[in-house]
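> have a look at this prediction, sequence included:
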Amino acid sequence: MKKFRLTLILVLTFLLLTSACLTQTTQTPVEQAPGETTLVVWDQFYREEESKVIETLNAEFEAAHPGVKIERETKVLADLQMTVKLALGETDGPDVAQVNQGRSDMGALVESGLLLPLDEYVSTYNWGNVFSSSVASRNSFTPDGKTFGQGSLFGVSPTAEVVGVFYNKGIFADHGWSIPTTFEDFEALLAEIKDAGITPISFGSLDGWNAIHEFSAIQHLLVNLDYINNLTYGVNNVSFDTPENQRAAQILSDWAKAGYFSEGFPGIGYDDSNNLFKAGEGAMTITGSWFAPELMTGTDQEFGFFLLPGFSGQPTMAIGGVGVPFAIRKSTEHADLAAEYLDWMISQRAAELWAQAGMVPAMSLPEDSQVDTDNIFGDTLLAWQTINKNNAVGHYIDWATPTFYDTLVSELQKLLGGVTTPADFTAAVEVDYANYLQEKSQ
Amino acid sequence: MKTGRHSYPGENKWKGLFYLLPALLIYLGFTFIPILETFRASFFDWNGFTEARTFIGFKNYINLFSDPLFLKAISNNLVFIIFYSIIPILIGLMLAAILTGQPIPGFGFFRTVFFLPQVISMVVVGVIWRWMFNPVSGPINQFLSLIGLDHWRQAWLGSFEYALPAVGSIGTWVQYGFCMVLFLAGMQRIPTEYYEAASLDGANGIKQFRHITIPGLKSEIGVAMITTMIAALRVFDLIYSTTRGGPGDSTLVTGFLIYRAAILNNRIGYGAAIATVLTIIILALSLLIRRFMAEEKEPA
Amino acid sequence: MSIRWKRLLPRYLVLIVFMLIVLLPIWGMLMSAFKTDTQIASSPFTLPETLTLENFKQAWTVGKFNIFFKNSVIVTTAVVISSVFLSTLSGYAFGQLPMPGKNLLFPLMLLGYMVPFEAVIIPLYNWMDALGLRNTYLALILPQIGLSVSFGTLWMSTFFENAPRELVDAATIDGCNRWQTLWLILWPLAQPATTTLIVLIFMWTWNEFLLALVMVQTEAMRTLPVGLAFFQGKYTSNLSLMAAGAIIVALPTVLIYVIFQRFFIRGMLGGAIKG
């Protein structure tokens, strides 16, 4: 290895000498004026409305902190997930970065000691008052990175998300349909919509990840919060191969067979199916509240949002949680400033800006909020507040194991394609889950 | 290669090395040593961003050959060989057979077009075909409806039955023009007298094709096989920009598995083991085809 | 109709059918770049009603293809120039110069010409990281040169081996040393071979995906194919914009191909066993 490094360095020196013109084109660090601090921040708010919120907050932060410059870099989530792990290990990596929750991201980074524990700042900034403990546990890991949901806080999330049902108000009004209040009503409505010759649920599973939401939204109605917590945090040795999960899979596969999803849904991407829904094709679509802002502009249709209703007599629990949190690189020289930035991102001002952009903030809105809630945004905000109040905020189950996402996507596509049965599905996913539990206990 | 063939009396016999050295160093540093390092890494358990790596012997390989995903990926690569290699070579030979004989005016234009998919980035090819195969707005399904074959409409890239052949046929689309141009170029080397003599002997077109054209094209067929098979084994860009291995794992290939294991899931050793197996298969196949071609040539 | 035409017509028909299969998807994408999404859906292959470059402007600025384009040009130029220069030297060494261990070195170089990037990407990824070179142009340029000189050496050594012996001897008698013989006598003769090498390395580098995907994480350093792949993640639903982006990526290689196709096809057919 050492010998190789030497060769490599020789080669590089040769290159640097012979091709001086090339090296000039490589990135050189930005010249810094004395007394000026640059805070490098990586976020994944690339959509226009979201991006504006961050830009406003950044500008206000810079104005409030003379001599501080924020160098912002925006990435799509998939891109961020891939790149942030290496970047946080670098001395010139981002000081603050959004790090996806879950084991293969935040967990792996905590385990490698690349993220700064925020315990100290929780008291400094009184974050205990901003978030409930259940919300905080979603961004917490034990210091060895092995146990999710406990230990130190490693990130703060500015936005909240809840998965539910978007519906086309025009189509509902034309046919005299109303928002169903039980799951049985919901299924009856699906049949009725189908009979009316309309696509009941606009959905495409080509990209795969949204199929997890589709399945898990139903699953959340059949299990209790403890189960979802145990499953996601990998504690108390629960199994995935349960009658409830099988039943949820059965319902999903029945919907696919009954033609409740868009025609050719296995070949349609997530954005494409959203676009079809936005254009008025399809009465409903099941996805997260992050979709609301897109439905507020650029369309003549009117939309609403409701939580997927529980089975009669059963409580409604929904997939939800807080958005991708901001975390701090452990080796940063500006830890205090970075923490102040985090606090800035979850301020009441931030809450107001997110609400204006149509995104549900994770923080409560200020008393004097000017935001119009008589629209689809109001619907999603209400849904979030409801599940929060009822302690019915579920989880994205794909965080459960490092490979759970890939496994779920692949197995759900098989289930939806009619290649496997619900029993096969839960059994196949359980293999992944049991392997992980076993590996973890070693 | 004959050593020192070109040396002049009194010339430093090391001279060539100075000319070779710059290229050799870069090649060693960025290609050859990394190949060895991949091989070495395949015996370790390592997440890639901490220093700790554990030597685990052949465990990665043992896991590999009991991993249904890897086996599926390999078998998909083999299916891709049919679409990337065998079908294009057959189409290429067929077109070449049809076009034998007198020159065709304007052929240069056709040749330009046939070769076009070879020069376009596979990501662009993926974008084009993701659109073509779109179940709702894609031209393929629209065309099927137009000619009254509504029941033939499919969710192409998302369908368990059709995703693999659909992605595979993109490979056919890319490769057949290349094969055809390759074979046509090769046929120019076959002396026309052979055909004339065969005609005098009463051999028909099919016979001429079998006994003159195919043997004459042996080396071109070999080149086409190596090129297209390697393309089929390393396919990555196309999968990345169309299905990402889905639906389920029906279009999962080894290249994508390496990327997923080593880059996305932090399993460097495991990814390195897959990469090593893939490299060995590719090298073995190239050498095999070369050897085969060389043997066939000698008696002739 | 003459007999000649009667014989040619079926051949043309077959040619045209297979040509249309190649051309239609590309044509459809090209036309889409000038239309709106609804126009594309209703008539994918017709000419656009109005000639608007709006999609290209959008892709160029909003989609940041201007940055990707610049990166691709820098990386490709550096790789092509260095590789062709180094390959000329190494090919000359193998084809013309005395050198010990040729029998060993030649197959060694050849190996790189057959292995895929997948075989080297993992250690490269970690080393570039260790050397602090990730997210620099060098991380894209150096490995690409490494693979290119492998093919380049093979290609150029074939040329130099077959170079007329009398010419080289005459040059030596006239007092040229080896360096002068290479650049004054043989280099001008090598133009067809170098042109082929240039266009091939240009195409491979321009279209390279895996290396650029893995080595570069910041948007500002991405090359065109990777930029397009992520663009697809962001704007799949906006087909006309995607089409414009795809055209920007494909146009340079297609142009170079059309201009230099003689060299191009010769290179690809001359045993260019790289995909």
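On my side now, so go ahead.

> element containing the nearest residue to C:Tyr125 once chain neighbours are set aside, please.
If the residues on either side of it in the chain are set aside, C:Tyr125 comes closest to C:Val214, at 5.4 Å by Cβ to Cβ, 6 or more residues apart in numbering or on different chains. C-beta coordinates here come from the backbone N, C-alpha and C atoms, glycine included. Using DSSP states H and E, C:Val214 maps to helix C:210-215.

> please spell out which residues along that helix are buried.
Neighbour counts over helix C:210-215 (16 or more other Cβ atoms under 10 Å in any protein chain shown) mark C:210-215 as buried.

> gap between that helix and the chain center?
The chain centroid and the centroid of helix C:210-215 are separated by 16 Å under Cα atoms, centre = their mean, to the nearest Å.

> and for stretch C:132-142?
Put simply, stretch C:132-142 sits 19 Å off its chain's centre (Cα atoms, centre = their mean).

> give the buried residues for it.
For stretch C:132-142, the neighbour count (16+ other Cβ under 10 Å) marks C:133-142 as buried.

> kindly report the same for stretch A:119-132.
Quick answer for stretch A:119-132 (16+ other Cβ under 10 Å): A:121-122, A:125, A:127, A:130-131.

> try stretch A:221-229
Applying 16+ other Cβ under 10 Å to stretch A:221-229 flags A:221-223, A:225, A:227-229 as buried.

> which ones, among these, also lie beside chain C?
For chain C, no contacts are drawn from the buried residues of stretch A:221-229 by Cβ under 8 Å from any Cβ of the partner chain.

> inside helices: which ones of the residues you listed?
When the buried residues of stretch A:221-229 are checked against helices (DSSP state H), the matches are A:221-222, A:225, A:227-229.

> and the buried residues of stretch C:132-142 near chain A, which?
Among the buried residues of stretch C:132-142, chain A is touched by C:134-138, C:141-142 when using Cβ under 8 Å from any Cβ.

> returning to what we had before: can you redo the buried residues of stretch C:132-142 as CSV with distance to B:Thr112?
Shown next, in CSV, are these (distance: Cβ to Cβ, whole Å):
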residue, distance to B:Thr112
C:Leu133, 39
C:Arg134, 39
C:Asn135, 38
C:Thr136, 37
C:Tyr137, 33
C:Leu138, 36
C:Ala139, 35
C:Leu140, 30
C:Ile141, 31
C:Leu142, 34
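
> going by distance to chain B, which of the residues you listed wins?
C:Leu142 (5.1 Å; Cβ to the nearest Cβ).

> I'd say the closest one and B:Ile26 touch.
Yes - counting by Cβ atoms under 8 Å, C:Leu142 does reach B:Ile26; the two are 6.6 Å apart.

> and what about C:Met156, helix, strand or coil?
Here C:Met156 is helix, with the state taken from DSSP: H, G, I helix; E, B strand; the rest coil.

> again, but for A:Thr285
strand.

> show me where the stretch 101-250 of chain C has helices.
C:102-114, C:121-130, C:137-161, C:165-173, C:178-180, C:187-189, C:191-207, C:210-215, C:224-235, C:239-259 (DSSP state H, counting those that start in this stretch).

> buried stuff in stretch B:259-266?
Applying 16+ other Cβ under 10 Å to stretch B:259-266 flags B:259-266 as buried.

> overlap between the residues you listed and the residues near chain A?
Answer for those near chain A (Cβ under 8 Å from any Cβ): B:260, B:263-266.

> which strand or helix spans residue 66?
In the absence of a named chain, chain A is used. If you go by DSSP H and E, A:Pro66 is not part of any helix or strand.

> if you could check chain C rather than the one you did, that'd help
Here C:Asn66 sits within helix C:65-96, counting by DSSP H and E.

> report the buried residues of that helix.
Using 16+ other Cβ under 10 Å as the test for burial, helix C:65-96 gives C:65, C:67-69, C:71-72, C:74-96.

> just the residues you listed that are near chain A?
Among the buried residues of helix C:65-96, chain A is touched by C:74, C:78, C:82 when using Cβ under 8 Å from any Cβ.

> so the second one makes contact with C:Tyr137?
Put plainly, it is C:Ala78. Yes - using Cβ under 8 Å, C:Ala78 makes contact with C:Tyr137 at a distance of 6.9 Å.

> what's around residue 209, how many residues?
Going with chain A. Neighbourhood size, A:Trp209 [other Cβ atoms under 10 Å in any protein chain shown]: 16.

> try chain C instead
For C:Phe209, the count of nearby residues is 23 (other Cβ under 10 Å).

> in a markdown table: the buried residues of stretch A:221-229, plus pLDDT and distance to A:Ile193.
Below are these laid out as a markdown table (pLDDT from 0 to 100; distance: Cβ to Cβ, whole Å):
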| residue | pLDDT | distance to A:Ile193 |
| --- | --- | --- |
| A:Leu221 | 96 | 20 |
| A:Leu222 | 96 | 23 |
| A:Val223 | 95 | 27 |
| A:Leu225 | 92 | 31 |
| A:Tyr227 | 95 | 31 |
| A:Ile228 | 94 | 29 |
| A:Asn229 | 91 | 34 |
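
> so which of those comes closest to A:Ser137?
A:Asn229 (8.7 Å; Cβ to Cβ).

> now do that closest one against A:Leu307, distance only.
19 Å (Cβ to Cβ, to the nearest Å).
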